[in-house]
Every structure is written in structure tokens, then in C-alpha cells.
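**Q** following is a predicted model, sequence given first.
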Protein chains: 2
Amino acid sequence: MSKLDQIRSYLNQEKANIAVFSDPVTVNYLTGFFCDPHERQMFLFVYADREPALFVPALEVARASQIVNFPVFGYVDSENPWEKIKNGLPSVDSAKILAEFDNLNVTKFQGLQTVFDGRFEDLTPFVQKMRLIKSQDEIDKMMVAGQFADKAVKVGFDNISLNNTETDIIAMIEFEMKKQGVEKMSFDTMVLTGNNAANPHGIPGTNKIENNALLLFDLGTDMHGYASDMTRTVAVGKPDQFKKDIYNLCLEAHMAALEFIKPGVLASEVDAAARKVIEKAGYGEYFNHRLGHGIGMTCHEFPSIMEGNDMEIQEGMCFSVEPGIYIPGKVGVRIEDCGHVTKSGFEVFTHTPKELLYFEG
Amino acid sequence: MSKLDQIRSYLNQEKANIAVFSDPVTVNYLTGFFCDPHERQMFLFVYADREPALFVPALEVARASQIVNFPVFGYVDSENPWEKIKNGLPSVDSAKILAEFDNLNVTKFQGLQTVFDGRFEDLTPFVQKMRLIKSQDEIDKMMVAGQFADKAVKVGFDNISLNNTETDIIAMIEFEMKKQGVEKMSFDTMVLTGNNAANPHGIPGTNKIENNALLLFDLGTDMHGYASDMTRTVAVGKPDQFKKDIYNLCLEAHMAALEFIKPGVLASEVDAAARKVIEKAGYGEYFNHRLGHGIGMTCHEFPSIMEGNDMEIQEGMCFSVEPGIYIPGKVGVRIEDCGHVTKSGFEVFTHTPKELLYFEG
């Protein structure tokens, strides 16, 4: 069943006639057409029993019409988009309208309320659920994005030098990725040295790479609309035994979670599988974030792999496994792979080795 | 008057007690604290007659507390943020709450409605108006961002070669900028050669730089939270006379707008000042977008310099002036500077020459 048919089927189930989408990522997911309209308006209208309609800024009408096989209409900046929509849409019963409340701002919501008379209900959970289970085609794209993340982190490794700053290495990674055809990184690349890595939200700067310390890389690429995300922490010079112990503890937690994941277990249990390793060793307070986040067309999406989320893990779900231990002033480690749930386990998208790697400064 | 005091004063004027902000950029603008909470919750609560309160994910509490001088409270992923907010805020009369509807999604809106009993009204226009008029400090930051845009376009010029692709040049620009300490580009850098430049929303790719054609650079940097944005179109080899004529027509339109801008004229008149030059020459249909957009902490913000916007231009407003002429299959030109309105005119942030520059391929 096509994605649009899944929406139609849900509309019928909910006895609603119209679903409205304004999130550029969801519109891309459903139609293959991507446009960020910035402060302009873009809406996809999906009907229970007639063809959809796409409303875009005038500049995008021609391109959109080549991609989707249903009517596209637009407006120029000097026109009132709400009137244009009202006049351009077929008049159907709109007693109940479904919309993604998470991706609809109140201004657009109020605009749509001038177009439709009915009651709005939230479509966020249904779309999240659709996007949660990736198709083979989507998984293939995420594998490609993962391969490029592996290449990117390799560029980082190749440029480790005590003469380089965090920012120097980031520049080299992003340069090489762009040369290799990566459209964009899926988020701001992070290279964090020594104590800066001990901050879970540390910001890269002009710190020179520290010797006898750990060095953290957190990066990802966007390929064909799908994101990758990985973290590796490596040794520069000869870190002391404590740092190595913390690294190995984090790795043990990471592996424990990977081995635990399979259809039927709960998201909270996956989090616990890693967390209890770190807690047992007495460092629980230094692992102060959830174990993972969903990934797909965006780098952070449904589901959250964390305490309190009793969602059952299913085949086709894609998420990160990224335990971290951050001891301020001493050491910071995070090890992250994203992967997809298979029939019986979990397969990761990134394959850079995870035993502690040593580099000369 | 501090920015928070301006909000308080507006609350008093509107007889409201509470303003709620959820947009990371607005929170940064008002407090100096920036955090993108992704799918988590962050709100700034400003009261008419007591100190503000900032609600952030638990991980951000320490950092936020160092930056703002009022209470910060947080929640961990396993807690219900709305209950946490309700219990953490002082109980004051909340008959009327102001919020930025443009930057508040319906889910958060509904969450806030469980916290406050009162009626919500839109604060978007007031915040846009505040942000519209830049202080000298903001203008200084935008000048710095402009200087880096000039440097970036210079790197592009230095790498013009028939052996390079659009993407190669982009990679070199972004590499060099990162090395020079630019945190990030303010949007995806565009380098478009020949016919690709004739598409106003062309996407850079692995096209080699064309000889005897025009080459378009559209880029900007983000520095200290402020964006720059500029476009230059240059000649590679010996473009024919028609291309040069179109270039000069676009430049004439650009200069006509720059010279026209001063306090008291209307945004629509600024657009018309450039547009009529191009229309008079018979190419009006190929200038198919507004003349400009506001710029500041984001690259596209209030106001829109376009037909139909009868907003009066005032000292301190910052926006782009970017006429373009795109004749499919033939030639594409855009020339863009951003600047600020002075007492008597307009001063641009970018100073790369605008007469047609020639480069060997």
C-alpha cells in the first residue's frame, strides 16, 4: 500500500475526509517532493476519496508538478494564501480534519481554521508510527548514509595531529565529504578533545588536540534524504588507565544494548540494558541522557530509547544506541551506532571498529 | 530599555501577566542563551511584575544558569514537562497569555493550555517589530558576518577553474571559512554555473564550471548569532554581449533600489524601484521573486521587501536587496547585498565589487 493510500485508509478509519500536512519532511516522505518554504506557506491536502492537492509558493509550482502526479497550485507573495487555498480546493465535507500538530504552528493552524469549518484532530502519532517502521528502500538509503559517516570519521582519524584544532579537523572532514558528493552533514559535526569531550553538549572550538587524552567524533551525513549519525571516541597518545577503563565500560554498555535489541523487547528495556552496566560500575550519574533516538529522514525522530518509554521494539525501527560517560575535568566517552531492527536482532549502519583505537598526536 | 523590559512594558500595555516563548532564536535574542531542544521542551516565561523563569531539558540547566540571571528549572526525559512547568511556576493571574503563534506548534500550544487557564493571544507581530529594528550592537555583529561573507566569496573567486565543479568550489569555500573560525554558513552555499544559474532555485552539483558564461555565488556566514547573505555573479572567459547586458541591467536595478532606500519610503516602493528598471527593459517576467527579505539572527526574517507590503522603512531595519533575472537556457544573474537603513539612506554589510568581474576559466 502506498504511503498516500495508508493516509487515505486512516482517514476512512477515523471517518475524516481531509488530512493536511505542512511539515516539509512529511510532505517529502509522502510525495517525494521537498521544498522548505521558509516563512511562506506549503500544504499537502490528502482526501479520503479523491486525489490530493499540493499548495506551494508560486516559484515551486513547476518543479512540484514534475514530481507529483496530482494537482499543484500556488500563490505569489502579494496574494492571501488562505483565500487562495479556500478557492482552490474542492468543496467537500470537512467536519473533521486531521493535521500533524507537532509540525503545525498556531498561525498556520488559525489560517487553516479560516479555510475549513470542522474540528481538527492530531495526526502526529499516526505519521510517527508510519515513519517509525522503515521500508527496505529506506533502510538501503540509511545504509548508504552510514557508509558515508564511516568515510567521514576515517577522514577525521587521518587528520588527528597535535597541531590541529577541533575546528581544523571538522573543516577537513566536511571538505572531503563535500568533494565525495555528500549534499550535507546531517548536523553540525563535533570533534571534541580531552576535557571538552567530558561535556555531553560540548562545542568544538580552536582547542588544539590534546595528547594522552581521548578524542570524540560525532557526525553524520544526509544522503538521498536520509540521515546517518555516529560517534567514535579514540585515544591520542597514551591516555591513562582510568580513561581506558571508562572507555571500555562505555563500550560494554553499548554492546550490551546492541545484543539485547530484538522485536518484542521494550524501548525502556533497551535503555536499561546499557544503563545497568554503567550503573553497576558506579558511574550511572555520569550517563545523563537517554540511550538513543530514532533516525530516518531526520536525525532525531521517534522513538526515544529511554526510561519510561514502554513502546515495543519492532522489525524496521531505526534508532541510535549511544551510551556516554562524562566525568567533568576527567574524561568523556560516547560510542554510537544507528541501526535497524531485524527479524531477530539489530543491524548497525556504521562499521568503524569500536575497540579503542590509538593515534599518534 | 532592555529587551526583557520591552516585553514587560508590552505586557502591561496589553493588560497581560505572562508572555511565553518557545522559539530558540527568540529565547536567544531575549536572554543570550541559545539551545535547540529538538523534540524536547524549552520555554521562557516573562512576567509583567516578577522575574522571568526559563524551563529547559535537564542537561541544559547548568549552562543556562550561568548565562541568565533568573531561575532556571528543567525536566528529564521520563518526566511530564507540562506537570513540571505547572508545579514550577509561581501562581499568578493568567487570564491572558501572550505567545509567538508563528513559533509555537499546536502540540506545545495544547500543552501550555493545560498549564494556564487563560486566553492566548499572538505575540508574533510585537516580537517581529522588536527584532525588526536592530540596535547598534546587532548592526556591528552583522557587519562582521558581512566581512566573512566577502572573504568567502573571495575564496570562491580564487578557485574558479574549468576543472572544478560547483560542488568543488563550495567545498573549498566552506573549508576555508571553517578554518577562519566561521561557526557555520548561514544557509547551504550555492555556486551555480551557466544554465544552472538561470534557475532561481538551482541546486549545485557536479557540473564543471562553464567557459564564456556567468557564474553565480550565493552564500552567507553565521557569526556570533547573526547572519550574512550575499550574491555575486561573475564572468568566466568571455560571455557574449547579451549576457553582459543582462548583468548590467540587473546591476542597474540593484543600484536603483540601494539609492532609493531611506527612512519613510515603503517596502513596496523599494521593490518597485528595482523592478521597474527590469520591466522597462522588457525582462520583468524573468524577475520572479521579491526584491528582498529581512535578515538578522536568522537569514530570512521580517520584513519582506515586495509588492503589497506597505510597511514604512525605518532606521535600523536590515534586509537584502537582490534583484535577479533568470532566462531559462540563456542566462541567470542575481546581485545581492544586505544592509541596514541609516538616518538618510542604506549602508551595505558586504563590499565585494559589483561591476562585472572577469575570471579565466
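**A** Yep, it's here. Numbers count the residues shown, from 1 in each chain, chains lettered A, B, ... in the order given.

**Q** from here on, contacts and neighbour counts on C-alpha atoms
**A** Noted.

**Q** what about the spatially most central residue of chain A, distance to residue A:320?
**A** Geometric centre of chain A, nearest residue: residue A:299, 1.6 Å, by C-alpha atoms, centre = their mean. Taking C-alpha to C-alpha, to the nearest Å as the measure, residue A:299 and residue A:320 are separated by 10 Å.

**Q** would you map out the domains in chain A?
**A** Chain A breaks down by the TED database into domains covering A:3-131, A:136-359.

**Q** tell me which element the residue nearest to residue A:114 when sequence neighbours are not counted falls in.
**A** With C-alpha to C-alpha, 6 or more residues apart in numbering or on different chains as the criterion, residue A:114 has its nearest non-adjacent residue at 7.3 Å, and that residue is residue A:82. Under the criterion DSSP states H and E, the helix or strand holding residue A:82 is helix A:81-88.

**Q** contacts for that helix?
**A** Residues outside helix A:81-88 that contact it (C-alpha atoms under 8 Å, 6 or more residues apart in numbering or on different chains): A:41, A:55, A:73, A:74, A:75, A:111, A:112, A:114, A:115.

**Q** buried stuff in stretch A:63-77?
**A** Of the residues in stretch A:63-77, those with enough neighbours to count as buried (16 or more other C-alpha atoms under 10 Å in any protein chain shown) are A:64, A:72, A:73, A:74, A:75, A:76, A:77.

**Q** average pLDDT for that stretch?
**A** Averaged across stretch A:63-77, pLDDT comes to 95.

**Q** ditto for stretch A:241-258
**A** Mean pLDDT, stretch A:241-258: 98.

**Q** how about residues contacting it?
**A** So stretch A:241-258 is contacted by A:213-214, A:270-271, A:273-278, A:281, A:321-325, A:330-331, A:333-336, A:346, A:354-356 (C-alpha under 8 Å, 6+ apart).

**Q** give me the neighbour count for residue A:170.
**A** 28 (other C-alpha atoms under 10 Å in any protein chain shown).

**Q** how many residues are close by the residue nearest to residue A:114?
**A** Residues near residue A:82, counting by other C-alpha under 10 Å: 18.

**Q** ok, it to chain B distance?
**A** 15 Å (C-alpha to the nearest C-alpha, to the nearest Å).

**Q** one more: residue A:275?
**A** 14 Å.

**Q** now do the SS call for that residue.
**A** Three-state assignment for residue A:275 (DSSP: H, G, I helix; E, B strand; the rest coil): helix.

**Q** residue contacts, it?
**A** Residue A:275 touches A:253, A:284, A:287, A:291, A:323, counting by C-alpha under 8 Å, 6+ apart.

**Q** right, and residue A:11 touches residue A:5 too?
**A** No: assessed by C-alpha atoms under 8 Å, residue A:11 is found out of contact with residue A:5, at 9.6 Å.

**Q** quick one: which of these two has more around it?
**A** Each of residue A:11 and residue A:5 has its neighbours counted (other C-alpha under 10 Å); residue A:11 has more, 22 against 14.

**Q** sec struct for that one, please.
**A** Per three-state DSSP, residue A:11 ends up helix.

**Q** which ones are touching it?
**A** Counted by C-alpha under 8 Å, 6+ apart, residue A:11 has contacts A:17, A:18, A:19, A:47, A:48, A:98.

**Q** state the helix or strand in which residue A:339 lies.
**A** Short version, using DSSP H and E: residue A:339 is in strand A:337-341.

**Q** so which residues make contact with that strand?
**A** Contacts of strand A:337-341 (C-alpha under 8 Å, 6+ apart): A:139, A:228-231, A:261-263, A:295, A:313-322, A:346-350.

**Q** repeat that for stretch A:321-334.
**A** A:194-200, A:213-214, A:216, A:231-233, A:243, A:246-247, A:250, A:253-254, A:257-258, A:274-275, A:283, A:286-293, A:335-338.

**Q** may I have that stretch as CSV, with CA atoms only?
**A** The C-alpha coordinates for stretch A:321-334 follow below in CSV (Å, rounded to 0.1, in the frame of the first residue of the first chain):
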residue,chain,number,x,y,z
VAL,A,321,22.5,3.3,20.6
GLU,A,322,24.8,5.9,22.2
PRO,A,323,25.7,5.4,25.9
GLY,A,324,28.0,8.2,27.2
ILE,A,325,30.1,8.7,30.3
TYR,A,326,31.1,12.3,31.0
ILE,A,327,33.2,12.9,34.1
PRO,A,328,33.8,16.7,34.2
GLY,A,329,37.5,17.6,34.2
LYS,A,330,38.5,14.0,33.7
VAL,A,331,37.2,12.1,30.7
GLY,A,332,34.4,12.0,28.2
VAL,A,333,33.4,9.0,26.1
ARG,A,334,30.4,8.2,23.8
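
**Q** report the mean confidence score over that stretch.
**A** Rounded mean pLDDT across stretch A:321-334 is 96.

**Q** please identify the buried residues of that stretch?
**A** A:321, A:322, A:323, A:324, A:325, A:326, A:327, A:331, A:332, A:333, A:334.

**Q** export stretch A:287-302 to CSV, keeping only CA atoms.
**A** Written as CSV, here are the backbone C-alpha positions of stretch A:287-302 (Å, rounded to 0.1, in the frame of the first residue of the first chain):
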residue,chain,number,x,y,z
PHE,A,287,25.4,8.8,31.9
ASN,A,288,22.9,11.6,32.0
HIS,A,289,21.0,11.3,28.7
ARG,A,290,18.7,8.7,27.1
LEU,A,291,20.3,5.8,25.3
GLY,A,292,19.1,6.7,21.8
HIS,A,293,16.8,8.4,19.4
GLY,A,294,15.0,7.4,16.3
ILE,A,295,16.6,8.3,12.9
GLY,A,296,15.4,8.4,9.4
MET,A,297,14.6,11.4,7.2
THR,A,298,15.6,13.5,10.2
CYS,A,299,18.4,12.9,12.6
HIS,A,300,16.2,13.0,15.6
GLU,A,301,12.8,11.4,15.4
PHE,A,302,10.5,8.9,17.0
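
**Q** show the average pLDDT along that stretch.
**A** For stretch A:287-302, the mean confidence score works out to 93.

**Q** likewise for stretch A:3-20?
**A** pLDDT averaged over stretch A:3-20 gives 96.

**Q** quick one: which of the buried residues of stretch A:321-334 is nearest chain B?
**A** residue A:326 (11.9 Å; C-alpha to the nearest C-alpha).

**Q** bridging residues for the closest one?
**A** residue A:332 (DSSP bridges).

**Q** likewise for residue A:21?
**A** residue A:44.

**Q** what's the pLDDT at the residue nearest to residue A:114?
**A** 97.

**Q** from residue A:99, how far off is it?
**A** In terms of C-alpha to C-alpha, residue A:82 sits 16 Å off from residue A:99.

**Q** on that earlier part again, quick one, which of the contacts of residue A:275 are buried?
**A** Buried by 16+ other C-alpha under 10 Å: A:253, A:287, A:291, A:323, out of those.

**Q** ok, residue A:67 - contacts?
**A** Residue A:67 touches A:31, A:32, A:33, counting by C-alpha under 8 Å, 6+ apart.

**Q** assumed the last one was part of a strand.
**A** Put plainly, it is residue A:33. No: under three-state DSSP, residue A:33 sits outside any strand and is assigned coil.

**Q** measure residue A:220 to residue A:233 for me?
**A** Taking C-alpha to C-alpha, one finds residue A:220 at 15 Å from residue A:233.

**Q** which one of the two has more residues nearby?
**A** Per other C-alpha under 10 Å, whichever of residue A:220 and residue A:233 has more neighbours is residue A:220, with 27 against 24.

**Q** please name the residues that touch that one.
**A** Each residue near residue A:220 by C-alpha under 8 Å, 6+ apart is listed here: A:145-146, A:148-149, A:152, A:185-187, A:189, A:227-230.
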